[in-house]
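Asks: Here is my input, please return the structure:
(one chain, ligands or ions: 1)
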Amino acid sequence: MSAIIIDGKETAKKLRISIKKQVEELKAEGIVPALAVIIVGNNPASRVYVSNKEKDCKKCGIESLEFALPEETTTEELLALVGELNTRSDVDGILVQLPLPRGIDERRVIEAITPAKDVDAFHPENVGRIMIGTPSFLPCTPAGVMALLDEYKIPIEGKECVVIGRSNIVGKPMAMLLLHRSGTVTICHSRTRDLADITRRADILVSAVGREGMVTADMVKPGAVVIDVAINTAADGSLVGDCTPDVAEVAGYITPVPGGVGPMTRVMLLENTLTSARRRKNG
Ligand code: NDP
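Replies: Next comes the predicted model:
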């Protein structure tokens, strides 16, 4: 038996149509949702991510303002720009593309973004809100995963959920969102012993490691829902996730890479920008 493919591309498209409609309604009331994207230096991958974000905004009628700063930018200069954007009433979201060049204090920059415009939900205040279950903004990748589970009507309550990876942007917030929906959650990481014994228990397995071949068919319970968050470049240059192809023969559902979680992450950023713009309208 072969797993049902969870189509992130199609689900994201549907969500974008709904966002576009809501943006048009806001515009009719005089509010133009706007996202400020700051990119520092010449990292080619970052360049691609920023240009994708700008394209996504355009598709939905969200204004995107790009601030491209040179590699030599100092922490103080970046903080000054963030400070200015914090106060601009025509900017709803501020996103600083990571990683920043070495020498810039990433933590200070993230913490300088006002939580009200922190559409990536990286600010400690927003992270804390996610933890206590009163999120101001949803963490984009985990929220994208939850939207996929909901789209495919996959129940979470009472299910064994295993998340591989404990990063601040994926693993930890992913575990929190599953927990808030009453999943029984286990977080695994590089020091986890007997990983396969734990993953084989999972009804829902989320892998966010970033290593090709990390999850093999024998690590998956037959019929499990497998969410492959990772994006790895294979030897032939193609994009692959953490799962080996034969995982799809055991799983009940699986997200493809590309076309699974990636498009959902992108759409959740638009969703957060829209949320912020709506708050601007409501004062
Ligand atoms: P990090 O490198 O920050 O985290 C990777 C995690 O994997 C760490 O917690 C690490 O454990 C764990 N890990 C490493 N090796 C093992 C192992 N052998 N067994 C178990 N756990 C292990 O990555 P991110 O969380 O930022 O991203 C994860 C992946 O998701 C990447 O491929 C990234 O490209 C992708 N990604 C995809 C997105 C999308 O939209 N689809 C968005 C964001 C990320 P430890 O903490 O112990 O080191």
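Asks: So Leu35, which state does it fall into?
Replies: strand (DSSP: H, G, I helix; E, B strand; the rest coil).
Asks: wait, doesn't Ala196 sit right on Val220?
Replies: No - contact criterion CB atoms under 8 Å: Ala196 and Val220 do not qualify, at 9.2 Å. Every C-beta, even on glycine, is put in place using the N, C-alpha and C of the backbone.
Asks: more neighbours, the two?
Replies: Higher neighbour count among Ala196 and Val220: Val220, with 28 against 11, using other CB atoms under 10 Å.
Asks: That one against Val250, yeah?
Replies: Yes - using CB under 8 Å, Val220 is in contact with Val250, at 4.7 Å.
Asks: For stretch 87-102, what is the spacing between the initial and final residues?
Replies: 27 Å (CA to CA, to the nearest Å).
Asks: How far off centre is it?
Replies: Relative to the chain's own centre, stretch 87-102 is displaced by 16 Å; criterion: CA atoms, centre = their mean, to the nearest Å.
Asks: Kindly export stretch 31-38 (C-alpha atoms) in CSV.
Replies: Only the C-alpha atoms of stretch 31-38 are listed here, as CSV (Å, rounded to 0.1, in the frame of the first residue of the first chain):
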residue,chain,number,x,y,z
ILE,A,31,-5.8,49.5,5.0
VAL,A,32,-3.0,48.1,2.8
PRO,A,33,-1.3,45.2,4.5
ALA,A,34,2.4,45.6,4.3
LEU,A,35,5.4,43.4,5.1
ALA,A,36,8.9,44.8,5.5
VAL,A,37,11.6,42.3,4.6
ILE,A,38,15.2,43.0,5.6
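Asks: and Val163, what element?
Replies: Assessed by DSSP states H and E, Val163 sits inside strand 160-164.
Asks: Which strands and helices lie in contact with that strand?
Replies: In terms of contacts (3 or more CB pairs under 8 Å, 6 or more residues apart in numbering; DSSP states H and E), strand 160-164 is packed against helix 171-180, strand 184-188, helix 195-199, strand 204-207.
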